[in-house]
Structures are given as structure tokens and as C-alpha cells.
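> Got a sequence here, can you model it:
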Amino acid sequence: MSLIETKDIWKTYEMGTIQVHALRGISIEINKGDYIAIMGPSGSGKSTLMNLVGCLDTPSKGEYYFTGNRVSQMEEDDLATIRNKEIGFVFQTFNLMPRATAYHNVELPLIYNGTSKEDRDEKTRKALAAVDLTDRMMHRPNELSGGQRQRVAIARALVNEPSLILADEPTGNLDTKTGLEIMQLFSRLHKEGNTIIIVTHERDVATYADRILFIRDGQIESDEIVSAGEKITNGTSL
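Numbers count the residues shown, from 1 in each chain. This is a model prediction of the structure:
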């Protein structure tokens, strides 16, 4: 069974008397354990597709199945449950609470879903260890580097052991060296069995994935497998 399957999904926005088709009949299939990059120029529809895949929005037309469940017609409460339990989000701007420690930022999703205090502590420490931040867990975001803040965000995405990690321009606010470290971390997490989708406009970031979906004008222009040679060029250990 596919983790994600979309069938002819459209997203249309009403702009006064004009209809804007952000997505035009997207059909994709993503399996558990895949590492996918979604690329496209500004206005191509890649962010709209990310929002639909992440259950932040629903399609205007077509079907979307996540872990075998038809989510394209779900109500907001059901979508929120899937987002909380099944999807870990990583954003370009980190989205951390500035007054909270790294530990508490990572713990928050577990508080929201009612996990016991004992289990919260175990899972929070495990997630921070997975991103090599055990020694910085009691620091606040302003006491951490940009790369460390993004690692906290990744730990928060991991803490619920989600079915999918969805990262939107995860290196966009980082310098080249730090961005490389973050992409190598994603590669390691993928090797450990995580399913990852990265949305990016940078080819060198996209080639860390195994497969690239290129979107233009709301349609999939190409769906390609990343060659081993291209991965080596971009510093990924194979």
C-alpha cells in the first residue's frame, strides 16, 4: 500500500471573477521509506502541493489518500489529528518558541496529544539524540546557531515518530556549510527508515533525495530518479 496517493487533484482559488488553478490534475504515488524532492519555480504550485500532502489544505477536485485513508474529504478536526500524529513538519524559519528551551520545543507536540510525562521525557531525549543535540537541550533558540535551531525543529518533527517528515526549504535560512550538514542529517534519517519529502527550489538540495518531482504551472513536468553519480557530486555518502 502506498503511503501517499493523489488522483487527479486540482486546487483552484477564486480571485474575484477569475479562477486561478494552482494545481492542474496532479497524480503521484509515494511509498513508505521514499525520499522525494519537489522542485519548481515560484508560482509553480509546489507549495500548494506541499500544503495538500501535509493535510494543511484540501483539494478542490480529485482524491488524496494518506496511509490508505481518504483525506481529501475530511473535516478540519480529522486533518488536525493526522497532522499531529502522522506528519512531522520542518520549516525554513524553524518556527520555535523563543522563550522555551530546545527540550520544551521538542516536547510540545507530545503535550498537545496527551502523552504521559514519563513517555514525553523518553521520546524528547531520543529525538534530540537523533539530531546530536543532547548537550544543548536546555538552551533557548537565541543561544543556538542557525543549524542547531534547525536541528531542534527536525527533532520536533521526529518526536511523534511520524509516517512522514515534510520539510519546506529546510536550508533556506542557512549558510552553505550549515545547509550541507542539515542535508547530510536528512540523508542519515532516511537511511534509518524515515519517509522524507523536501520542497526546494535548489537543485543541489534536491539531489540528496532519490527522486525529484518537478512542477511547472500546476502540473508535473518531470518525475526523475536521482543518479548515484549526481548524489556523489553533492557530497552524500552512499
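> any idea how far residue 163 is from residue 190?
14 Å (Cβ to Cβ, to the nearest Å). (Glycine included, C-beta is placed from N, CA and C.)
> pLDDT-wise, which helix or strand of this structure ranks last?
When the helices and strands of the chain are scored by mean pLDDT, DSSP states H and E, helix 228-233 comes last with a mean of 71.
> so the spatially most central residue of the chain, which of the three states?
The C-alpha lying nearest the average C-alpha coordinate of the chain belongs to residue 166 (Cα atoms, centre = their mean; 1.0 Å). Look at residue 166: counting by DSSP: H, G, I helix; E, B strand; the rest coil, its state is strand.
> ditto for residue 185
helix.
> how close does it sit to residue 169?
Taking Cβ to Cβ, one finds residue 185 at 15 Å from residue 169.
> so where's this structure shaky on pLDDT?
The model of the chain has pLDDT under 70 over residues 1, 232-238.
> ranges for the helices of it?
Taking DSSP state H as the criterion, the chain carries its helices at 46-53, 76-86, 102-112, 117-130, 146-158, 176-191, 203-206, 228-233.
> hmm, who's touching the fourth one?
Around helix 117-130, the neighbours that count as contacts under Cβ atoms under 8 Å, 6 or more residues apart in numbering are 102-103, 106-107, 110-111, 115, 134, 137, 152, 155-156, 158-161, 189.
> In it, which residues are buried?
Applying a neighbour-count criterion of 16 or more other Cβ atoms under 10 Å, one finds 120, 123-125, 127-128, 130 buried in helix 117-130.
> now the residues you listed in TSV, with distance to residue 79?
Below are the buried residues of helix 117-130 laid out as TSV (distance: Cβ to Cβ, whole Å):
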residue	distance to residue 79
120	24
123	23
124	25
125	30
127	24
128	28
130	27
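> show me what contacts residue 152?
For residue 152, the contact set (Cβ under 8 Å, 6+ apart) comprises 94, 96, 102, 105-106, 128, 131, 133, 141, 144.
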